[in-house]
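Novice: What shape does this take:
(one chain, ligands or ions: 1)
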Amino acid sequence: MKSFTPIPEKFMLKAPIDQRHYLIGGELLRWDGKTSEVFSTISSTPEYTPTLLGSIPDMGETEALKALDAALMAYDKGKGTWPTMKVKDRIACMERFLEQMKSKREQTVALLMWEIGKSLPDSQKEFDRTVEYIEDTLEEYKTLDRNAARFDKHDGVYAHIRRGPLGVVLCLGPYNYPLNETFALLIPAIIMGNTTIFKPAKHGVLLITPLLEAFQNSFPKGVVNVLFGRGRAVAAPIMKTGKVDVLALIGNSKSANALQDQHPKSNRLRLVLGLEAKNPAIILPDADLELTVQECLSGTLSFNGQRCTALKIVYVHEQIQEAFLKRFAAAVDALTFGNPWDSGVNLTPLPEPGKSDYIQELIDDALEKGARILNEKGGTRYDNFIWPAVLYPVTAQMRVYEEEQFGPVIPVVPFTKIDQPLNDMAESNYGQQVSLFGKDVRTLAPLIDTLANLVCRVNLNSSCQRGPDVYPFTGRKDSAQSTLSVYDALRSFSIRTFVAFKDNDLNTEIVEALLEEKNSNFISTEYLL
Ligand code: G3H
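Specialist: Numbering: from 1, shown residues only. Here you go, the predicted model:
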C-alpha cells in the first residue's frame with residue numbers, strides 16, 4: 001500500500017545537509033574522506049522513493065584515535081582544566097550549551113521527524129524532555145555539591161568526601177531516542193568532570209550537527225569530541241587501546257559485549273548500559289478492560305513499538321482473553337498511520353529500511369507454528385511500514401516469543417496459572433519492567449512481591465515507560481548495567497573520592513589555610529544555592 005501524503009510547506013527540506021565537520025580537541029575539522037548518504041524512509045513524492053536527507057563522514061580508526069587523544073589530553077591524567085574545575089564554572093559551561101541548544105528546537109524536531117519518523121508531538125516532547133533533563137541535572141548537581149561541602153569525623157579522622165570523575169567516557173546512543181537517550185548519558189558524564197567521545201546513532205545523526213558549534217564553544221577543548229561513522233569502525237579501535245574508563249551505551253547487548261570484549265583490561269572499564277528488553281503485560285481475570293486495552297495499546301505501539309520499554313509480549317488470562325482480544329484487535333485497527341507531521345497520527349514510517357521484512361518474518365514464522373492474526377489490518381504492507389499484527393496464541397517455539405521485535409507486532413500468550421508468566425520471566429534473558437493489570441489486592445500483593453525481584457519496575461495498571469526521568473531506569477540480566485535517572489546518572493559517571501586527615505594541630509592549620517585561601521577546588525565548603 002502507498003503511504004504518501006503531501007508534505008506541509010514548513011516541514012519541507014530546503015536542501016540536503018552534507019555534514020562535513022566533526023569535533024576533535026575543540027576544533028571543528030573539515031572532512032574530505034568517504035561519506036555515507038543519509039536517507040529517510042519517508043517519500044517526498046507520490047511515487048514512493050526514500051528521501052535523500054544528506055550525508056555524513058564515514059570515519060575510521062585514524063580519526064577515532066585522534067578523538068581519544070584529545071579526550072585524554074583534556075583529562076590530562078586528572079590535571080586537566082575540566083576535571084579540576086570549580087562546580088560553579090562547570091555549571092556555567094553547561095548553561096551556555098543549554099541556551100544554544102534551546103535555539104535549535106525547530107530544526108531538531110524537523111530532523112527527528114524525517115530521520116526516524118517520530119510524530120511531531122513526540123519529537124517535540126523528546127526535545128523538551130531533554131532540555132528539562134539537563135536543567136534537572138544541573139539542580140541535582142548543585143544538591144550533590146551542597147551535601148559534599150562539609151567535613152565528616154570518625155575515630156579521630158576527618159574526611160572531605162566528594163564525587164570525582166572517572167576519566168574518558170565513550171558514549172553511544174540509540175536511534176529511537178537519538179537526542180534524549182544519548183544526552184541522558186552524555187550530559188551527566190560531562191558535568192561530573194569526565195571528558196567524552198560521542199558518536200551519534202545510526203539513524204538520527206543529522207540532528208546532532210546543529211549542536212556541534214554549541215559543544216565547541218561551551219566546553220574547554222577536548223571535553224566533547226564528536227565522531228561520525230559506523231560503530232565498528234570508530235568505537236572498536238578506541239576500546240582496543242584500553243584507555244577508555246567508561247563505556248556508556250544504549251543499544252543492544254551484542255554490541256555492548258563486542259565492545260567491552262575489545263578492552264584489554266575489563267576490570268578498569270565501568271559500564272553504563274541500557275539494553276534490550278521483552279517487557280510483558282500480565283492481564284489478570286479481573287482487569288479493568290477499557291483501561292487495560294488503552295494501556296496495552298500505548299505500551300505496545302507508541303512510536304511503533306520501537307522503545308526498549310515497549311510491551312513486547314502480552315500474557316492474558318483465559319477468563320478474560322476473549323473480551324480483551326476482541327477490543328484490543330479493534331483498537332489496533334482503529335489507529336491512524338501517516339507521516340509524522342500528519343495531525344492525530346499514531347503509527348509512522350519505520351526508519352530502518354529492512355524492518356518491515358523482519359517483522360514479516362516473525363509473523364510468517366508464528367503463523368506456520370499455529371498462531372493467527374486477530375486484527376483485519378494486521379500484516380498489511382506499506383512502502384515503509386507494516387501494520388501491527390496481533391498474533392495469538394503465541395508459544396515458546398515461535399521467534400516472536402523470544403526475539404525483541406522492536407517494532408509493530410504484538411505476540412499474545414494465553415495463560416491459566418500465574419506461574420506460567422512468572423516462570424517465563426524468570427527464564428527470560430531480560431529483566432527490565434512489567435505491566436500488571438488487575439484489581440484484587442490479595443492476588444496483586446504476592447505477585448508484586450515476586451515481580452519486583454524479576455524486573456526493576458512493576459507498573460500497576462499502567463504501561464511500561466522510562467519516565468519521569470527522575471525515577472530509576474535500569475534492568476536485570478541482559479537489560480541493563482548501572483542505573484540512570486537524573487539522580488543516579490551523576491553517580492554512575494563518578495566515583496567517591498576524598499581527602500582524609502588525622503585530627504592534629506598541623507592538619508587543622510593546613511586545612512584551615514586551604515579553606516581560607518580557596519586555592520583548591522576540591523577542598524572547599526562553599527556551595528551554590
Ligand atoms: O527506548 C527506551 C526508552 O528509554 C524508552 O523511554 O519509556 O520514555 O519511551 P520511554
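
Novice: drop to CA atoms for contacts and neighbour counts, all remaining ones
Specialist: Will do.

Novice: And the contacts of stretch 343-351?
Specialist: Taking contacts as C-alpha atoms under 8 Å, 6 or more residues apart in numbering, the residues outside stretch 343-351 that touch it are 40-42, 115-119, 203, 301-304, 335-340, 356, 384-385.

Novice: Give me the buried subset of these.
Specialist: 40-42, 115-119, 203, 301-304, 337-340, 356, 384-385 (16 or more other C-alpha atoms under 10 Å).

Novice: So what's the residue count around the closest residue to G438 other than its chain neighbours?
Specialist: Using C-alpha to C-alpha, 6 or more residues apart in numbering and skipping the chain neighbours, the partner closest in space to G438 is A287 (3.9 Å). Neighbour count for A287, taken as other C-alpha atoms under 10 Å: 21.

Novice: Contacts only, for A287.
Specialist: Shown in contact with A287 (C-alpha under 8 Å, 6+ apart): 437-439.

Novice: same question, P57
Specialist: Counting by C-alpha under 8 Å, 6+ apart, P57 has contacts 19-21, 31, 33-36, 228-229.

Novice: at 10 Å what do you get?
Specialist: 18-22, 30-37, 227-230 (C-alpha atoms under 10 Å, 6 or more residues apart in numbering).

Novice: Need phi/psi at it.
Specialist: phi -60, psi 140 (degrees, to the nearest 10).

Novice: What's opposite it in the beta bridge?
Specialist: Taking DSSP bridges as the rule, P57 bridges to T35.

Novice: Please report how far it lies from the ligand.
Specialist: 26 Å (C-alpha to the nearest ligand atom, to the nearest Å).

Novice: list the buried ones in the helix or strand containing T443?
Specialist: Secondary structure assignment for T443, by DSSP states H and E: helix 441-454. For helix 441-454, a neighbour-count test (16+ other C-alpha under 10 Å) marks 447-448, 451, 454 as buried.

Novice: Could I get the contacting residues of the closest residue in space to T380 that isn't next to it in sequence?
Specialist: Spatial nearest neighbour of T380, excluding adjacent residues (C-alpha to C-alpha, 6+ apart): W387 at 5.2 Å. Residues in contact with W387, defined by C-alpha under 10 Å, 6+ apart, are 304, 332-333, 335, 337, 347-348, 356, 359-360, 375-381, 408-409.

Novice: Which members of those residues occur in helices, if any?
Specialist: Using DSSP state H, 332-333, 356, 359-360 are the members of these that sit in helices.

Novice: how about these in TSV, adding distance to the ligand and pLDDT?
Specialist: Below are these laid out as TSV (distance: C-alpha to the nearest ligand atom, whole Å; pLDDT from 0 to 100):
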residue	distance to the ligand	pLDDT
V332	19	99
D333	22	98
S356	19	98
I359	18	98
Q360	22	98
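
Novice: For those residues, which single residue is the most surrounded?
Specialist: That'd be V332 among those, by other C-alpha under 10 Å, with 25 neighbours.

Novice: residue contacts, that one?
Specialist: V332 touches 293-294, 296-298, 300-301, 375-378, 387-390, 410, counting by C-alpha under 10 Å, 6+ apart.

Novice: Which stretches in the stretch 151-300 of the chain count as helices?
Specialist: 180-191, 212-218, 231-240, 253-262, 289-301 (DSSP state H, counting those that start in this stretch).

Novice: Please identify which of those is closest to N423.
Specialist: N423 sits nearest to helix 289-301 of all these, at 21.4 Å, using C-alpha to C-alpha.

Novice: And the closest one, what's buried?
Specialist: Buried, per 16+ other C-alpha under 10 Å, within helix 289-301: 289, 292-301.

Novice: Name the nearest of the residues you listed relative to R146.
Specialist: G299 (38.9 Å).

Novice: What distance do you get for the closest one to the ligand?
Specialist: For G299 relative to the ligand (C-alpha to the nearest ligand atom), the value is 9 Å.

Novice: picking up where we left off before, of the contacts of A287, keep whichever come out buried.
Specialist: 437-438.

Novice: Show me the contacts of A287 that map onto strands.
Specialist: F437 (DSSP state E).

Novice: Is it possible to get CSV of the contacts of A287 that adds pLDDT?
Specialist: Compiled in CSV, the contacts of A287 are given as follows (pLDDT from 0 to 100):
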residue, pLDDT
F437, 99
G438, 98
K439, 98
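
Novice: ok, the nearest residue to I190 once chain neighbours are set aside - how many residues close by?
Specialist: Leaving aside its sequence neighbours, I190 sits nearest to T196 (C-alpha to C-alpha, 6+ apart; 6.9 Å). By the criterion of other C-alpha under 10 Å, T196 has 29 neighbours.

Novice: On the pLDDT front, check T196 for me.
Specialist: What the model reports as pLDDT for T196 is 98.

Novice: residues contacting L269?
Specialist: 166, 169, 239, 242-247, 260, 263.

Novice: Quick check: the gap between it and A235.
Specialist: 14 Å (C-alpha to C-alpha, to the nearest Å).

Novice: go on, A201?
Specialist: From A201 to A235 the distance is 12 Å (C-alpha to C-alpha).

Novice: Need the overlap of contacts for those two.
Specialist: With C-alpha under 10 Å, 6+ apart, A201 and A235 have common neighbours 172, 229.

Novice: could you give the angle of the host helix or strand of S435 to helix 441-454?
Specialist: S435 belongs to strand 433-437 when assigned by DSSP H and E. Strand 433-437 runs at 170 degrees relative to helix 441-454, counting by axes from the mean of the first three to the mean of the last three C-alpha atoms, to 10 degrees.

Novice: For the protein, give the residue positioned nearest to the ligand.
Specialist: The nearest approach of the chain to the ligand comes at Q465, 3.2 Å away (C-alpha to the nearest ligand atom).

Novice: where in this protein is pLDDT low?
Specialist: 2-3 (pLDDT under 70).

Novice: ok, longest helix in this protein?
Specialist: Ranking each helix of the chain by length (DSSP H) puts helix 120-148 first.

Novice: Are that one and the ligand in contact anywhere?
Specialist: No - between helix 120-148 and the ligand, judged by C-alpha under 6 Å from any ligand atom, nothing touches; the nearest distance is 8.9 Å.

Novice: so what does that helix touch, helix or strand wise?
Specialist: When contacts are defined as 3 or more C-alpha pairs under 10 Å, 6 or more residues apart in numbering; DSSP states H and E, helix 120-148 sits against helix 87-102, helix 105-116, strand 157-165, helix 180-191, helix 486-492.

Novice: And those: which comes nearest T137?
Specialist: Proximity to T137 (C-alpha to C-alpha) singles out helix 486-492 among the helices and strands packed on helix 120-148, at 5.5 Å.

Novice: I'd like the C-alpha coordinates of that closest one written as CSV, please.
Specialist: Provided in CSV are the C-alpha atoms of helix 486-492 (Å, rounded to 0.1, in the frame of the first residue of the first chain):
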residue,chain,number,x,y,z
VAL,A,486,18.7,12.5,37.0
TYR,A,487,20.0,11.5,40.4
ASP,A,488,21.6,8.1,39.6
ALA,A,489,23.4,9.1,36.4
LEU,A,490,25.5,11.6,38.3
ARG,A,491,26.6,8.7,40.5
SER,A,492,27.1,6.3,37.6
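
Novice: do that helix and the ligand meet at all?
Specialist: No - using C-alpha under 6 Å from any ligand atom, helix 486-492 stays clear of the ligand, with a minimum separation of 13.2 Å.

Novice: now for that helix, which elements pack on it?
Specialist: helix 120-148, strand 157-165, helix 180-191, strand 270-274.

Novice: would you list those in CSV and tack on distance to P414?
Specialist: Shown next, in CSV, are the helices and strands packed on helix 486-492 (distance: least, C-alpha to C-alpha, whole Å):
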stretch, distance to P414
helix 120-148, 32
strand 157-165, 49
helix 180-191, 34
strand 270-274, 29
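
Novice: Much appreciated, bye for now.
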